[in-house]
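Colleague: No sequence on hand, only this structure:
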């Protein structure tokens with residue numbers, strides 16, 4: 001597979017890509033107001049939420065151009081709070097407290113207290129952030145939802161908000177709200193109809209155990225806290241059902257007996273306009289179900305980049321569902337390259353765009369070290 005890393009401004013690099021050439025976009029943009037990494041042209045230091053959203057809309061307008069008509073876009077976006085001084089994250093704000101914070105160094109894990117990844121290896125000195133109109137002390141900024149609504153207004157279909165639940169959230173010394181332990185992933189599409197492979201990301205049915213309706217005996221896991229269940233194939237012995245032989249004979253099975261009496265029940269029901277009372281055939285895999293919209297995944301540390309990254313399972317779900325085998329995945333905010341790494345494992349090509357050359361090199365080394373034997377990795381400015 002081919003992994004191409006483009007270094008430079010995301011909008012300029014996106015303009016070099018052909019229209020309708022990418023199957024799927026999976027990305028985590030920089031969060032607004034959390035860090036200044038000292039890289040010219042970085043996104044996230046805009047003076048107001050509105051300015052940040054305007055930049056994001058411009059970026060994703062180019063993403064929409066390069067997406068195929070049946071393409072999807074999966075965006076992870078974390079949030080932050082306005083504090084008593086009007087600051088956001090570690091941004092100083094105004095007043096006496098702002099003066100005290102100005103020039104202070106933020107924590108290495110600041111971004112992943114709220115989100116995935118970060119975009120630089122330079123300074124952690126925070127820029128000044130004056131109090132924002134409309135943001136009161138302690139307000140949740142609601143940036144993920146602001147972005148989703150803005151993209152919807154720009155013409156995207158917002159198909160779903162997925163909750164990423166983190167079992168290992170950053171601890172918070174708060175007493176007037178819950179500890180923040182989730183982020184959002186928004187599924188957007190370019191068109192009303194789009195590629196989506198629900199079968200590829202189906203999950204075990206919660207609480208599923210072997211029971212008479214599990215007629216295929218396919219259960220291959222046990223529910224936590226329960227003793228392993230005996231795995232048996234019971235045919236159609238529960239309630240009323242059908243089998244291939246009975247359908248060929250025009251007869252219906254009842255409690256495992258082929259005595260013909262249920263055929264009469266069908267005729268009577270048809271004549272009276274009612275129902276014969278049969279249960280519908282069990283699904284082929286009663287032990288699995290459609291993927292739910294809450295994904296529980298722990299954050300992963302990545303020592304070389306000094307921050308917590310995407311858990312690989314996150315882009316894996318997005319890629320399996322949103323990109324056909326052999327397709328092309330785009331990550332316009334490539335960071336440490338987790339999207340590219342997972343795309344290669346899943347036999348998809350990937351294009352990553354990264355502003356910071358140092359992070360592009362980290363991503364290249366990481367993917368090269370963990371990629372498949374025949375992966376082709378290139379870096380271009």
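Modeller: Perfect, I can see it now. Because the structure is predicted, anything quoted here is derived from the model rather than measured.
Colleague: rest of the way, CA atoms for contacts and neighbours
Modeller: OK.
Colleague: Show me the longest helix that occurs in the chain.
Modeller: Longest helix of the chain, by residue count under DSSP state H: helix 49-66.
Colleague: helices or strands up against that helix?
Modeller: Helices and strands touching helix 49-66, as assessed by 3 or more Cα pairs under 8 Å, 6 or more residues apart in numbering; DSSP states H and E, comprise helix 10-14, helix 143-153.
Colleague: What residues sit buried inside the longest one?
Modeller: For helix 143-153, the neighbour count (16 or more other Cα atoms under 10 Å) marks 143-145, 147-148, 150-152 as buried.
Colleague: In TSV: the residues you listed, plus distance to residue 177 and pLDDT.
Modeller: Output for those, formatted as TSV (distance: Cα to Cα, whole Å; pLDDT from 0 to 100):
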residue	distance to residue 177	pLDDT
143	19	95
144	19	96
145	20	98
147	24	98
148	24	98
150	28	99
151	29	99
152	30	99
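Colleague: could the residues you listed be laid out in TSV, adding distance to residue 294?
Modeller: Putting these into TSV (distance: Cα to Cα, whole Å) gives the following:
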residue	distance to residue 294
143	19
144	16
145	17
147	20
148	18
150	23
151	22
152	22
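Colleague: Kindly indicate which of those residues lies nearest residue 15.
Modeller: Distance to residue 15 across the buried residues of helix 143-153 (Cα to Cα) is lowest for residue 151, with 18.8 Å.
Colleague: Quick check: that closest one touching residue 57?
Modeller: Yes. Contact criterion Cα atoms under 8 Å: residue 151 and residue 57 qualify, at 6.2 Å.
Colleague: In a strand, residue 159, correct?
Modeller: Yes. Assessed by DSSP: H, G, I helix; E, B strand; the rest coil, residue 159 belongs to a strand.
Colleague: Quick one: residues contacting it.
Modeller: Neighbouring residues of residue 159 by Cα atoms under 8 Å, 6 or more residues apart in numbering: 186-189.
Colleague: make it 6 Å
Modeller: With contact taken as Cα atoms under 6 Å, 6 or more residues apart in numbering, residue 159 is in contact with 187-188.
Colleague: can you list contacts of stretch 60-71?
Modeller: 18-24, 194-195.
Colleague: which of the residues you listed tops the neighbour count?
Modeller: Neighbour tally across the contacts of stretch 60-71 (other Cα atoms under 10 Å): the maximum, 29 neighbours, falls on residue 24.
Colleague: Within the helices and strands, which one has it?
Modeller: Assigned by DSSP states H and E, residue 24 falls within strand 22-27.
Colleague: Partner strands of that strand and their direction?
Modeller: strand 67-77 (parallel), strand 328-331 (parallel) (DSSP bridges).
Colleague: Could you say which of the ones you listed is packed most deeply?
Modeller: When you average the neighbours per residue for each of the strands paired with strand 22-27 (mean count of other Cα atoms under 10 Å), strand 328-331 leads with a mean of 28.
Colleague: any idea which element residue 45 lies in?
Modeller: Counting by DSSP H and E, residue 45 is found in no helix or strand.
Colleague: Name the nearest residue to it, sequence neighbours excluded.
Modeller: Leaving aside its sequence neighbours, residue 45 sits nearest to residue 33 (Cα to Cα, 6 or more residues apart in numbering; 5.7 Å).
Colleague: Give me the neighbour count for that neighbour.
Modeller: 27.
Colleague: Let's verify it: helix, strand, or coil?
Modeller: What three-state DSSP gives for residue 33 is coil.
Colleague: and if you look at residue 30?
Modeller: Following three-state DSSP, residue 30 is assigned to coil.
Colleague: What residues sit buried inside stretch 349-368?
Modeller: Burial within stretch 349-368, assessed by neighbour count using 16+ other Cα under 10 Å, is assigned to 349-364, 366-368.
Colleague: what residue ranges in the stretch 251-381 of the chain score low on pLDDT?
Modeller: Applying pLDDT under 70 to the stretch 251-381 of the chain flags residues 251-284, 303-308, 372-373.
Colleague: ignore the last one, the stretch 101-250 of the chain
Modeller: Applying pLDDT under 70 to the stretch 101-250 of the chain picks out residues 101-132, 207-250.
Colleague: one step back: same list (the contacts of stretch 60-71) but as a markdown table, adding distance to residue 79.
Modeller: Shown next, in a markdown table, are those (distance: Cα to Cα, whole Å):
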| residue | distance to residue 79 |
| --- | --- |
| 18 | 32 |
| 19 | 31 |
| 20 | 31 |
| 21 | 31 |
| 22 | 28 |
| 23 | 28 |
| 24 | 24 |
| 194 | 28 |
| 195 | 29 |
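Colleague: what's the helix or strand for residue 341?
Modeller: Assigned by DSSP H and E, residue 341 belongs to helix 338-345.
Colleague: Check which helices and strands the helix or strand just after that helix sits against.
Modeller: Later in the chain than helix 338-345, the nearest helix or strand by DSSP H and E is strand 349-354. Strand 349-354 sits against strand 2-7, strand 328-331, with contacts defined as 3 or more Cα pairs under 6 Å, 6 or more residues apart in numbering; DSSP states H and E.
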